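**Q** predicted model, plus sequence, below.
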Amino acid sequence: MIETPIQAIKTSTGRILRTEEMVVNMGPQHPSTHGVLRLEVVLDGEIVVDVIPHLGYLHRCFEKHCEHMTSYQQVIPYVDRMDYVAAMTNEHAFVVAAEKLLKIEVPERVHYIRIIMAELQRIASHLIAIGTFGIDMGAFTPFLYYFRDREKILELFEMTCGARLLYNYIWIGGLSHDIPPQFVEKTKEFCTDFKKTLKEVNDLLNYNEIFIKRTANVGILPKDLAINYACSGPMLRGSGVDFDLRRDDPYTLYNKFEWDVIVGKGEMGTVGDVWDRNIVRQREMWESLRIIEQAIATLPEGDVQKAVPKRIRPVPGDAYGRVEGPRGELGFYIVAEDSVTPYRIKARAPAFVNLSVINAISKGAMLADLVAIIGSIDIVLGEVDR
Amino acid sequence: MENILAFLNEPAVTMVLLALIPLVFILVYALVTIYFEMKVAAHIQNRLAYMETGWHGVIQPIADMLKLLQKEDIIPTSADKFLFILAPYLVFIGTYASFAVMPFSSGFIGSNIDLGIFYLVAASSLVVVGLLMAGWASNNKWSLFGALRSAAQIVSYEIPGVLAILGVVMVFGTMNMQTMTQMQDGGIQNWLIIGGNFPLGQKLALFPFMFILFIIYLLSSMAEVNRTPFDLPEAESELVQGYNTEYSGMKFAIFYLAEYANLFLVSAIVVVMFFGGWTSPFGSFMSGTVWSAFWFVLKGMSFVFLNIWLRWTLPRLRVDQLMYVSWKVLTPFALFCVIAIGFIMVI
């Protein structure tokens, strides 16, 4: 952190010249705000004095829409459109909450397929996160390497449910339909291919000397601050907090598989810097691959639509279901009245919560570091604004 | 017919025609390099790039140029109109003027002046003024940021760059670029990067320092033409597009043209200083006026390729790190080399 005081100089004619802070408007049409985020940045030269995020450019009244459906099942396509790069995870989170409300037990095969889909989606989302972060750092090539592999995941999804971005695949009580016969084989193929790319991008980006210089010791988010701001996901784990909902609040069968929770250790600088958050994402993809490989190998048989209710009319009450999404704890709070539609749905969007910490961690950083910090938070504006 | 010949033989007309040769070269080269850069970038990144316009998209740069020509020429209302219009041309003039002393072949050099390389350094500095002008006149905070960064960067990197040139000039004892090239004639073993056309002992002593100077000049030339990893002035992820954010249409195209021309210019300086300019690597084999032009362009383009390769591989540095590299690493090394070369040349 560099502190430069505001200086005043008296000229020979008696005029007082002083350096001034400059207010710069970063966004909503800025290439590295990852969407329509607008940051009001107060700059002293290149150094950031203050950052004020302005939200709401992509507000689509998602929560209000959900109250006017004809069924709970119809909420799912709306949920898809919240975090559009991780639609599967959103469906999963909503379905977990709805199943809690309706007290539905789903078959084991459904759990397995949901896990495979959620982990594939986590990989797809992290690929975008790291890829765009690379672009923010000026490295364009890793982004396209990752997009090539993301394409393979999207093909798997397309094969399964016909959609590439917004799936409407995970239903309350089950899935819209079973996986196609070639899916298992193609997923195995993807897992083997993808390991090569992971190594390649580690060489090209994550362990690149310039990249380390740019990201280590930048935007440090200490443990206590991360907890105070309710950060979650790679943001929290990057700061060295060993917490993962998949292990610590098992909402599905993750405990059947062998995998590790990745925590930032501050290898290149301080714990909780931008490099740590990025490497947590990179290593999580490896863990996701491990989970997928095990789930694919032990996939049980069964009917995926057995527990899907024909008509959903819950007992009045409320439920909160949460999953570990690629960006952190994604939760849905559903309040039900005696009706076929929810009375109120509240989404706890991790990107929104994580974004709130930006002001605290970017003071005193340089303008280029601010871009790195935004990139490392990995926001999706569809989810921030809803 | 006679009238035309007589007209062509007028000294003034001949001068204009000779001056047009580099301009034509720049225009053709820019089109080729835009295509080349897109294709190299695409193949580095596992894509195909242009495939539709012509065979493998070869006429895409022309289509791009025509598109830019047709575009509306927007001048922001709050911009300083005069400076805004002047800036791109000033940038281009700085680059174009530098081509005057470039020895393209054994038979062609725009102006064979004795202060060759000194003139070149001076003329290419005009670019900074143009960039600052563009940033200021745009009346856009991001543009101003880009322009200031650009000025700081180019001025700082000129110092190690010029020190490296000084070292080379001390070895050759001349600033005339044509003479420099001729002194390296006679095959690859006479190129300065190997130690030049000197007795063996001196050659061995010079070799390490020449290599260091080559690296120093290469790095500072990359910074001078704003290429990755030193492309901070136009870092699109931070500054939107830097000094040329507000430019559109033909003015934008001229910035682009100047940038690409500058890229070849610095590559050509590297070639003239260290890689024998237009001389053939095989002694008298494949040498001659036309062949030498071929070698010059080929060598220049290989350094252009190196720049493109690095651009699509490396991330970008931060401003303070950029300054650190210039002032605390390159400049001391360059100074040390200059002193050492002085000793070697005296002994």
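**A** On my side now, so go ahead.
**Q** so what's the residue in chain B positioned nearest to chain A closest to, chain neighbours aside?
**A** For chain B, the residue closest to chain A is B:Arg316, as judged by CB to the nearest CB, at 2.8 Å. Every residue, glycine included, has its C-beta placed from N, CA and C. Leaving out its chain neighbours, the residue that sits closest to B:Arg316 by CB to CB, 6 or more residues apart in numbering or on different chains is A:Gly138, at 2.8 Å.
**Q** SS state for that neighbour?
**A** Three-state call for A:Gly138 (DSSP: H, G, I helix; E, B strand; the rest coil): coil.
**Q** looks to me like B:Ala123 is in a helix.
**A** Yes: counting by three-state DSSP, B:Ala123 is part of a helix.
**Q** quick check: it touching B:Ser98?
**A** Yes: checked against CB atoms under 8 Å, the pair B:Ala123 and B:Ser98 is within contact range at 4.5 Å.
**Q** so which of the two has more stuff around it?
**A** Between B:Ala123 and B:Ser98, B:Ser98 has the larger neighbour count (other CB atoms under 10 Å in any protein chain shown), namely 26 against 19.
**Q** make sure that one is indeed in a helix.
**A** Yes: read with three-state DSSP, B:Ser98 is one of the residues of a helix.
**Q** tell me the secondary structure for A:Ala347?
**A** Per three-state DSSP, the local secondary structure of A:Ala347 is strand.
**Q** quick one: terminal-to-terminal distance for stretch A:332-344?
**A** Distance between the two ends of stretch A:332-344: 10 Å, counting by CA to CA, to the nearest Å.
**Q** in it, what counts as buried?
**A** A:Phe332, A:Tyr333, A:Ile334, A:Ala336, A:Thr341, A:Pro342 (16 or more other CB atoms under 10 Å in any protein chain shown).
**Q** any idea what the last one is bridged to?
**A** Spelled out, it's A:Pro342. Beta-bridge pairing of A:Pro342 under DSSP bridges involves A:Ala336.
**Q** let me know the pLDDT of it.
**A** pLDDT for A:Pro342: 85.
**Q** same check, this time on A:Leu289
**A** Confidence score, pLDDT, at A:Leu289: 90.
**Q** near it, how many other residues are there?
**A** Residues contacting A:Leu289 under the criterion other CB under 10 Å number 20.
**Q** setting aside sequence neighbours, what's the nearest residue to it?
**A** By the measure of CB to CB, 6+ apart, the closest residue to A:Leu289 outside its immediate chain neighbours is A:Cys191, 5.3 Å from it.
**Q** tell me the SS of the nearest residue to A:Glu287 once chain neighbours are set aside?
**A** Of all residues not flanking A:Glu287 in the chain, A:Trp259 sits nearest, at 4.7 Å (CB to CB, 6+ apart). Following three-state DSSP, A:Trp259 is assigned to coil.
**Q** tell me the secondary structure for A:Tyr57?
**A** Following three-state DSSP, A:Tyr57 is assigned to coil.
**Q** now do A:Leu39
**A** When classified by three-state DSSP, A:Leu39 comes out as strand.
**Q** I figured it hits A:Ile52, correct?
**A** Yes: with contact defined as CB under 8 Å, A:Leu39 counts as touching A:Ile52 (7.0 Å).
**Q** compare those two (neighbour count), which wins?
**A** Neighbours of A:Leu39 and A:Ile52, each counted by other CB under 10 Å, are more numerous for A:Leu39; the result is 21 against 12.
**Q** which residues touch that one?
**A** A:Asn25, A:Met26, A:Gly27, A:Thr33, A:Val51, A:Ile52, A:Pro53, A:His54, A:Ile358, A:Leu370, A:Ile374 (CB atoms under 8 Å, 6 or more residues apart in numbering or on different chains).
**Q** coming back round to it: next one: phi and psi at the residue nearest to A:Glu287?
**A** When read as degrees, to the nearest 10, the backbone of A:Trp259 gives phi -160, psi 170.
**Q** quick check: whichever residue of chain A sits closest to chain B vs A:Ala124, distance?
**A** The minimum distance from chain A to chain B, using CB to the nearest CB, falls at A:Gly138 (2.8 Å). For A:Gly138, the distance to A:Ala124 (CB to CB, to the nearest Å) stands at 24 Å.
**Q** mind checking pLDDT for the residue of chain B closest to chain A?
**A** Value for B:Arg316, per-residue pLDDT: 83.
**Q** for it, the count of nearby residues, please.
**A** Neighbour count of B:Arg316, defined by other CB under 10 Å: 24.
**Q** ditto for the one 4 residues further on
**A** Around B:Asp320 there are 12 other residues, counting by other CB under 10 Å.
**Q** check contacts around the closest residue to it other than its chain neighbours.
**A** Closest residue to B:Asp320 apart from its sequence neighbours, by CB to CB, 6+ apart: A:Met366 at 7.0 Å. A:Met366 makes contacts with A:Glu46, A:Ile47, A:Val48, B:Arg318, B:Val319, B:Asp320, as judged by CB under 8 Å, 6+ apart.
**Q** state the pLDDT value of the second one.
**A** The model reports A:Ile47 with a pLDDT of 83.
**Q** looking at A:His92 now. What's its pLDDT?
**A** Among the per-residue scores, A:His92 holds a pLDDT of 90.
**Q** I'd guessed A:Ile379 sits against A:Asn354; true?
**A** Yes: in this structure A:Ile379 lies within contact range of A:Asn354 using CB under 8 Å: 7.0 Å.
**Q** hang on, A:Asp338 is in a strand, isn't it?
**A** No: the assignment for A:Asp338 is coil, going by three-state DSSP, so no strand is present there.
**Q** ends of stretch A:65-81, what's the gap?
**A** Using CA to CA, the end-to-end distance of stretch A:65-81 comes to 12 Å.
**Q** buried residues, the helix ranked longest in chain B. List them.
**A** The single longest helix within chain B, with elements called by DSSP state H, is helix B:11-44. Of all the residues in helix B:11-44, those buried under the rule 16+ other CB under 10 Å are B:22, B:25-26, B:29-42, B:44.
**Q** please apply the same query to stretch A:80-99.
**A** Neighbour-count burial for stretch A:80-99 [16+ other CB under 10 Å]: A:80-83, A:85-99.
**Q** what does stretch A:199-218 give?
**A** Under the neighbour-count criterion of 16+ other CB under 10 Å, stretch A:199-218 has A:201, A:204-206, A:208, A:210-218 buried.
**Q** what of stretch A:152-164?
**A** Neighbour-count burial for stretch A:152-164 flags A:Lys152, A:Ile153, A:Leu154, A:Leu156, A:Phe157, A:Thr160, A:Cys161 (criterion: 16+ other CB under 10 Å).
**Q** and the fifth one, how close does it get to A:Tyr145?
**A** The span separating A:Phe157 from A:Tyr145 equals 20 Å under the rule CB to CB.
**Q** what does the stretch 151-300 of chain A put close to chain B?
**A** A:Leu204, A:Leu205, A:Asn208, A:Ile210, A:Phe211, A:Lys213, A:Arg214 (CB under 8 Å from any CB of the partner chain).
**Q** good, we can wrap up now.
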